[in-house]
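1. Got a sequence here, can you model it:
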Amino acid sequence: MPDTMTSSSPHRTPLGAPTGAAPLIEARDLTFKVATAGGTVNIVKGVDLSVRPGEAIGVVGPSGSGKTSILMLLAGLERASTGTLRVAGQDLSRLDEDALARLRREQVGIVFQAFHLIPTMTARENVAVPLEFAGRGDAFARAEAALRQVGLAHRLDHYPGQLSGGEQQRVALARAFVAEPALLLADEPTGNLDRATGEVVMDLLFGMRERFGTTLILITHDPALAARCERQVRIEDGRIVSDTATGEGAGDDAAAATGLATGGVPGVGAGRVPGGAAAHGAVPNAGSGAGTAGERASAS
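-> From the prediction side, this is the model:
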């Protein structure tokens, strides 16, 4: 049984892809409107966004500015009202629901502020779900390897109700990465966590992103997290008001990636104790588990 996952996906593009590389995400004049009893609400207003393979984008802005709606559009979980949106070479407006589900299964991982583990499945089974949907014969072996990489080798056969909140979050993170998606969408992944736990989770996320060359769109209210990305995009009132290079990027995450390559968990074992509420990896038809969000997790 392998202790680490090895990158084998044909879509993998190394970090630092040349400027001329075809964008993984290309949005042009994107809008999203919702009809309500009080009239039409314009949530996303003419967004233009281009993201190259391997880039990490920190998305910031006040609550209610449209950040999560943009993420939902990128994931194909909502449909744009007008404009064009291409993700991984596919025009999302031309895809039916089945094709969108395949795109998410093969190309996109999602981590939300709240976890959504299937309560009747073990940690290993939860992580294996997207691979089973894809027909992978090695689903359980790869799920076990992914759980080892987030420090949960001792929790493979535990159900969500038997895990602490922090452990459930790491299961969700493993699930989001297990299929080696080209794109990871993360919406406030540390929003319900104490600072120490959030640091552990984000070290894991950035380390795995560095190792697999995953393109990252990270929504956050934490300036320090946004600064770990190569670019910072600010959203206000449904529009992009700035798009700037941070000058930092993934350089500090190489050590984390090296630790993951040997099965290590950045920060764990050095006094950090993960805990708090959890993250969500995109899995078709996954339900939400009854968790222990307020519990402290054990890092051992």
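
2. tell me which residues of the longest helix anywhere in the chain are tucked away?
-> Secondary structure of the chain per DSSP state H: the longest helix is helix 195-212. Residues of helix 195-212 classed as buried under the neighbour-count rule (16 or more other C-beta atoms under 10 Å) are 196-212. Glycine gets a C-beta too; all of them are placed from N, C-alpha and C.

3. and residue 62, how many neighbours does it have?
-> Residue 62 has 12 neighbouring residues, counting by other C-beta atoms under 10 Å.

4. Helix, strand, or coil at it?
-> Secondary structure state of residue 62, per DSSP: H, G, I helix; E, B strand; the rest coil, is coil.

5. Report the contact partners of it.
-> residue 236 (C-beta atoms under 8 Å, 6 or more residues apart in numbering).

6. element containing residue 168, please.
-> Using DSSP states H and E, the element containing residue 168 is helix 165-177.

7. so where's the stretch 151-300 of the chain uncertain?
-> For the stretch 151-300 of the chain, applying pLDDT under 70 flags the ranges 247-300.

8. same for the longest helix of the chain, what does it pack against?
-> Under the contact definition 3 or more C-beta pairs under 8 Å, 6 or more residues apart in numbering; DSSP states H and E, helix 195-212 sits against helix 165-177, strand 183-187, helix 254-261.

9. My read is that residue 24 contacts residue 85, right?
-> No. Look at residue 24 against residue 85 with C-beta atoms under 8 Å: they stay out of range, at 11.9 Å.

10. give me the beta-bridge partners of residue 45?
-> Here residue 45 sits in beta bridges with residue 31, as judged by DSSP bridges.

11. mind listing what it touches?
-> 31, 66, 237, 238, 239.

12. Contact partners for the first one?
-> Same thing as residue 31. Residue 31 neighbours (C-beta under 8 Å, 6+ apart): 42, 44, 45, 46, 47, 80, 81, 82, 83.

13. and of these, the nearest to residue 192?
-> Ranked by distance to residue 192 (C-beta to C-beta), these are led by residue 44 at 25.1 Å.

14. Next, count neighbours for that closest one.
-> Count around residue 44 with other C-beta under 10 Å applied: 26.

15. residue boundaries of the strands in the stretch 51-200 of the chain?
-> For the stretch 51-200 of the chain, the strands defined by DSSP state E, counting those that start in this stretch occupy 56-60, 82-87, 90-91, 108-111, 183-187.

16. rank those by pLDDT, which is bottom?
-> Note on the strands of the stretch 51-200 of the chain: strand 108-111 shows the lowest mean pLDDT, a mean of 92.

17. Please identify the pairing partners of that strand and their relative orientation?
-> Checking strand 108-111 against DSSP bridges gives partners strand 183-187 (parallel).

18. Identify the nearest residue to residue 99 in space, disregarding sequence-adjacent positions?
-> residue 90 (7.9 Å; C-beta to C-beta, 6 or more residues apart in numbering).

19. Quickly note the distance from that neighbour to residue 133.
-> For residue 90, the distance to residue 133 equals 18 Å [C-beta to C-beta, to the nearest Å].

20. now do residue 154
-> Using C-beta to C-beta, residue 154 is found at 27 Å from residue 133.

21. who has more neighbours, these two?
-> residue 133 (18 against 12).

22. Now name the helix or strand holding residue 229.
-> For residue 229, there is no helix or strand it lies in under DSSP H and E.

23. Please apply the same query to the one 5 residues further on.
-> Per DSSP H and E: residue 234 is located in strand 231-236.

24. how about that strand: buried residues?
-> 231, 232, 233, 234, 235.

25. about what we covered before: of the contacts of residue 45, closest to residue 139?
-> Among the contacts of residue 45, and counting by C-beta to C-beta, the member closest to residue 139 is residue 66, at 36.1 Å.

26. what about the residue nearest to that closest one when sequence neighbours are not counted, distance to residue 68?
-> Of all residues beyond its chain neighbours, the one nearest residue 66 is residue 238 (4.1 Å), with distances taken as C-beta to C-beta, 6+ apart. Going from residue 238 to residue 68 by C-beta to C-beta gives 12 Å.

27. Of the two, which one has the most company?
-> Using other C-beta under 10 Å, the more surrounded residue of residue 238 and residue 68 is residue 238, with 23 against 20.

28. Contacts only, for the more buried one.
-> 32, 42, 43, 44, 45, 47, 65, 66, 69.

29. okay but the fourth one is in contact with residue 27, surely?
-> Okay, so that is residue 44. No. Assessed by C-beta under 8 Å, residue 44 is found out of contact with residue 27, at 9.4 Å.

30. who touches both of the two?
-> The contact lists of residue 44 and residue 27 share residue 73, where a contact means C-beta under 8 Å, 6+ apart.
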